[in-house]
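*Asks:* Structure for the following, please:
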Amino acid sequence: MQSWLNTYIRHNDLLHEEGIQVLEELFIQYVDDGLNKIKAVKDEEPMPTVPIQIVTCLCNFLEYFIKNKTSVPIHDKKDVWAKKILFSFGFSYIWAFGASFKASVSRFLDNMLREFFGRL
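*Replies:* Model (predicted):
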């Protein structure tokens, strides 16, 4: 994640420094917890994934939204761009962490995501 932020996001000036800090805090707060929680249902993946795949997928989704300036505009008002980053992170997180599982674990994932994003 750090290398992605440094070599891609910072290098291409896709977000200002405050936006990058918001993303870093979201990664720190949610990614390790999520990876630990989904270990409980790893046998419910038709095609098993490893943590680096999940984080890479999360970064790829975020990259799409960040590159699309209408999704995460560089805006003067912090509350505007911070909210867009949060929404983009939430969507990306749900798909990166939940897309590889069978429907039988949807309740588990739903509860995990509600718990996590209830903190936002």
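*Asks:* Least confident secondary structure element in the protein?
*Replies:* Lowest on mean pLDDT, DSSP states H and E among the helices and strands of the chain sits helix 2-4, with a mean of 82.
*Asks:* which parts of that helix are buried?
*Replies:* W4 (16 or more other CB atoms under 10 Å). Every C-beta, even on glycine, is put in place using the N, C-alpha and C of the backbone.
*Asks:* Show me the contact partners of the next helix or strand after it.
*Replies:* Per DSSP states H and E, the first helix or strand lying C-terminal to helix 2-4 is helix 17-38. Helix 17-38 has contacts (CB atoms under 8 Å, 6 or more residues apart in numbering) with 1, 5, 9-10, 15, 51, 54-55, 58, 62, 72, 74, 78, 81-82, 85-86, 89, 93, 97, 101, 109, 112, 116, 119.
*Asks:* got the buried residues for whichever helix or strand comes after helix 17-38?
*Replies:* Sequence-wise, the next helix or strand downstream of helix 17-38 (DSSP H and E) is helix 51-67. Buried residues in helix 51-67, counting neighbours by 16+ other CB under 10 Å, are found at 54-55, 57-59, 61-63, 65-66.
*Asks:* One more: stretch 84-96?
*Replies:* Result for stretch 84-96 [16+ other CB under 10 Å]: buried residues 84-86, 88-90, 92-94, 96.
*Asks:* Could you do stretch 36-53 as well?
*Replies:* Buried-residue list, stretch 36-53, by 16+ other CB under 10 Å: 37-38, 44, 49.
*Asks:* Could you dump the residues you listed into TSV with distance to G19 and pLDDT added?
*Replies:* Below are those laid out as TSV (distance: CB to CB, whole Å; pLDDT from 0 to 100):
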residue	distance to G19	pLDDT
K37	27	93
I38	27	93
E44	35	90
T49	28	91
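*Asks:* Understood, closing this out.
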